[in-house]
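[1] Please work out how this folds:
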Amino acid sequence: MLFSSNVFLFVFLPCVLLLYTLVPRRLKNPVLLFFSLLFYGWGEPAYLLLMVAVIALDYLFGILIAKSRKSGKSAKLPLILGLAANLLILGFFKYAGFLVRSLHALIPASRVLPVPEIPLPIGISFYIFQSMSYVIDVYRGDAPVQRRLLPFATYVTLFPQLIAGPIVRYRDVADQLEERRESISGFASGVRLFTVGLSKKLLLANPAGQLWELLQAQPGTLAAWVGIAAYTLQIYFDFSGYSDMARGLGRMLGFEFLENFNYPYISRTVTEFWRRWHISLSTWFREYVYIPLGGNRKGLARQLLNLLIVWLLTGLWHGASFNFLLWGAYYALLLIAEKCFLLKLLDRIPRIIGHVYTLFAVTLGWALFYFEDLAALGAFLQRLFTPAATGAAGLGLILGYLPLLLAGTLASTPFGKRLSERWSDSPRWRIVRLVLIAAALLLCAASLASQSYNPFIYFRF
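    A predicted model of the protein is given here:
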């Protein structure tokens with residue numbers, strides 16, 4: 001079920017909010033759990049039991065780790081078993097086919113082995129990483145063990161961020177699961193944030209995605225560059241829009257999830273970009289992979305190796321395909337270069353050069369991210385760097401979508417946020433903001449009625 005769908009907006013969400021408001025506090029988590037399972041089962045009924053199995057496994061491993069600590073025994077064995085169980089489940093569904101295809105490429109004799117065609121459960125990377133972080137945090141003593149299954153199941157399945165994040169660590173919401181308090185101001189803030197996210201998705205991401213698809217069929221260097229620029233806007237507004245909607249829904253229900261995007265396209269280094277883009281995933285890899293590997297505590301050479309490992313794993317997390325490995329290696333090399341010398345150089349030159357360098361590097365990175373077919377990737381990169389004229393049809397598309405591109409570029413900066421903060425104390429601004437939210441909702445409803453292109457990019461991860 002999509003947040004940006006009529007079923008969700010006009011049936012599912014009103015039912016959730018109505019029942020959630022009416023029931024006493026002791027029943028709020030059961031109501032959330034029921035609707036969250038319904039939300040996931042709506043699109044993935046065949047894999048609902050898989051999610052329930054992951055919940056049961058990590059709940060039990062958390063209990064076992066706590067018991068081991070209480071009895072004075074080492075808790076490493078239940079930790080290792082818990083991590084192995086999670087990674088085997090994720091590996092089987094996400095990487096089994098990729099591993100067999102890779103084996104075929106390396107060892108021709110292995111082609112007698114059939115390639116397993118295993119459908120990928122929606123959101124499996126998100127909810128397994130989330131559930132696995134609980135096991136690790138209990139082992140470290142960073143989070144209390146949850147001895148009641150219901151709150152833990154509610155945490156893993158929370159429908160606002162279940163399918164595409166943000167990845168919420170248990171320690172960040174443990175208290176909220178038990179003691180959250182809803183308020184009218186929090187609900188209103190949630191509605192505003194949800195509307196902003198819905199507008200990003202329907203009014204900016206979807207049209208930008210359509211332009212990208214249309215320009216791929218047009219010849220010429222300009223068409224290629226404008227096309228990948230449109231995809232750069234699409235993936236940002238698609239994913240940050242989903243994160244805003246998730247955070248807005250959380251506020252309506254009394255939860256506060258951490259920010260997942262902080263205007264990444266205004267960065268002046270790639271290092272800064274990854275502090276601002278998909279913050280919950282970057283935090284997860286830093287906390288549970290980079291630091292345990294030694295981080296920057298064991299010398300420069302080890303730090304650079306750790307960066308390479310983390311970014312190859314980050315690429316694989318996004319998908320079982322060689323282009324994602326290439327994408328991860330690409331960012332590893334950029335970040336290693338910045339650690340070694342580029343950051344010092346960028347500090348000495350005009351800031352605008354840093355912004356141009358970062359935006360160029362990121363835009364090129366999205367080409368690596370998009371094309372799973374390496375031959376198609378090579379052909380597109382050749383289009384980017386081989387001068388060729390764009391035809392009249394391509395120029396017409398670019399001119400027709402120019403207002404969208406300009407609006408998207410402005411919306412990817414904190415310009416609007418700063419204006420809102422400057423006027424936040426004005427009673428007139430509150431009225432204007434209310435009118436803008438209402439107008440945005442009407443435009444989104446009209447877009448839903450007319451758009452057929454409405455995917456969420458990160459659903460496939």
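[2] In terms of helices and strands, where is W225?
    helix 221-252 (DSSP states H and E).
[3] any idea of the mean pLDDT for that helix?
    Taken as a whole, helix 221-252 carries a mean pLDDT of 95.
[4] residues contacting V289?
    I309, V310, L313 (C-beta atoms under 8 Å, 6 or more residues apart in numbering). All C-beta atoms are positioned from the backbone trio N, CA, C, and that covers glycine.
[5] Just the buried residues of those residues.
    Neighbour-count burial (16 or more other C-beta atoms under 10 Å) is assigned, among the contacts of V289, to I309, V310.
[6] now, among the contacts of V289, which is nearest to R275?
    The nearest member of these to R275, counting by C-beta to C-beta, is V310 at 14.1 Å.
[7] Verify the contact between the closest one and Y290 for me.
    Yes - counting by C-beta atoms under 8 Å, V310 touches Y290, with 4.9 Å between them.
[8] ok, back up a step: any buried residues in the helix holding W225, and which?
    For helix 221-252, burial by neighbour count (16+ other C-beta under 10 Å) applies to 222-252.
[9] Who are the packing partners of the helix or strand just after it?
    Using DSSP H and E, the helix or strand that follows helix 221-252 in sequence is helix 270-276. When contacts are defined as 3 or more C-beta pairs under 8 Å, 6 or more residues apart in numbering; DSSP states H and E, helix 270-276 sits against helix 322-337, helix 351-370.
[10] Give me the angle between the longest one and helix 221-252.
    Spelled out, it's helix 351-370. Taking axes from the mean of the first three to the mean of the last three C-alpha atoms, to 10 degrees, helix 351-370 and helix 221-252 form an angle of 90 degrees between their directions.
[11] C-terminal to helix 351-370, what's the next element?
    Next along from helix 351-370, by DSSP H and E: helix 374-385.
[12] chain center to the helix holding W225: distance?
    With C-alpha atoms, centre = their mean, to the nearest Å as the basis, helix 221-252 stands 10 Å off its chain's centre.
[13] One more: stretch 324-340?
    Worked out by C-alpha atoms, centre = their mean, stretch 324-340 lies 20 Å from the chain centre.
[14] end to end, how far does stretch 108-127 reach?
    36 Å (C-alpha to C-alpha, to the nearest Å).
[15] Now do the buried residues in that stretch.
    Quick answer for stretch 108-127 (16+ other C-beta under 10 Å): L120, P121, I122, G123, I124, S125, F126, Y127.
[16] Among those residues, which one sits closest to L334?
    Distances from L334 to the buried residues of stretch 108-127, taken by C-beta to C-beta, are shortest for S125, at 23.2 Å.
[17] any chance you could map the strands in the stretch 101-250 of the chain?
    Using DSSP state E, counting those that start in this stretch, no strands are found in the stretch 101-250 of the chain.
[18] Show the residue spans covered by the helices in it.
    Here the stretch 101-250 of the chain has its helices, by DSSP state H, counting those that start in this stretch, at 124-140, 149-157, 170-179, 184-199, 206-216, 221-252.
[19] any chance of those in a markdown table, with distance to L79 too?
    Converted to a markdown table, the helices of the stretch 101-250 of the chain look like this (distance: least, C-beta to C-beta, whole Å):
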| stretch | distance to L79 |
| --- | --- |
| helix 124-140 | 5 |
| helix 149-157 | 17 |
| helix 170-179 | 15 |
| helix 184-199 | 36 |
| helix 206-216 | 42 |
| helix 221-252 | 29 |
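[20] Now secondary structure and distance to P166 too, for the contacts of V289, in a markdown table please.
    Listed next are those as a markdown table, based on DSSP: H, G, I helix; E, B strand; the rest coil; distance: C-beta to C-beta, whole Å:
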| residue | secondary structure | distance to P166 |
| --- | --- | --- |
| I309 | helix | 23 |
| V310 | helix | 19 |
| L313 | helix | 19 |
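[21] between the contacts of V289, which is nearest R422?
    V310 (38.8 Å).
[22] Residue ranges in the stretch 351-461 of the chain under the pLDDT threshold?
    Residue ranges of the stretch 351-461 of the chain with pLDDT under 70: 451-456, 458-461.
[23] In contact with the nearest residue to G241 once chain neighbours are set aside, which residues?
    Using C-beta to C-beta, 6 or more residues apart in numbering and skipping the chain neighbours, the partner closest in space to G241 is K200 (3.2 Å). For K200, the contacting residues are F237, D238, S240, G241, D244, A411, by C-beta under 8 Å, 6+ apart.
[24] which one of the residues you listed sits closest to K28?
    Nearest to K28 out of these is D244 (C-beta to C-beta; 23.3 Å).
[25] wouldn't the closest one be in contact with V196 here?
    Yes - look at D244 against V196 with C-beta under 8 Å: they come within range, at 5.3 Å.
[26] quick one on the thing from earlier: from the helices and strands packed on helix 270-276, pick the one with the highest average neighbour count.
    Most buried of the helices and strands packed on helix 270-276, by mean neighbour count (mean count of other C-beta atoms under 10 Å): helix 322-337, with a mean of 19.
[27] Centre of the chain to it, how far?
    On C-alpha atoms, centre = their mean, the centre of helix 322-337 falls 18 Å from the chain's centre.
[28] Which of the residues in the helix or strand just after that helix are classified as buried?
    For helix 322-337, the following helix or strand on the C-terminal side (DSSP H and E) is helix 343-348. The neighbour-count check on helix 343-348 (16+ other C-beta under 10 Å) flags L343, L346 as buried.
[29] packing partners for helix 343-348?
    helix 351-370.
[30] what residues does the helix it packs on touch?
    By C-beta under 8 Å, 6+ apart, helix 351-370 touches 228-229, 231-232, 235, 264-270, 272-273, 318, 323-324, 326-327, 330-331, 334, 346, 377, 380-381, 384.
[31] That one to helix 206-216, inter-axis angle?
    Interaxial angle, helix 351-370 versus helix 206-216 (the same axes, to 10 degrees): 70 degrees.
[32] Return the alpha-carbon coordinates of helix 351-370 using CSV.
    The C-alpha coordinates for helix 351-370 follow below in CSV (Å, rounded to 0.1, in the frame of the first residue of the first chain):
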residue,chain,number,x,y,z
ARG,A,351,33.0,27.4,-1.6
ILE,A,352,31.2,27.5,-4.9
ILE,A,353,33.8,25.1,-6.4
GLY,A,354,33.1,22.6,-3.7
HIS,A,355,29.4,22.8,-4.3
VAL,A,356,29.9,22.2,-8.0
TYR,A,357,32.3,19.3,-7.5
THR,A,358,29.9,17.6,-5.0
LEU,A,359,26.8,18.1,-7.2
PHE,A,360,28.7,16.8,-10.2
ALA,A,361,30.0,13.7,-8.3
VAL,A,362,26.6,12.9,-6.8
THR,A,363,24.8,13.3,-10.1
LEU,A,364,27.2,11.0,-11.8
GLY,A,365,26.8,8.6,-8.9
TRP,A,366,23.0,8.4,-9.6
ALA,A,367,23.8,7.2,-13.1
LEU,A,368,25.7,4.3,-11.6
PHE,A,369,22.9,3.7,-9.2
TYR,A,370,20.1,3.7,-11.8
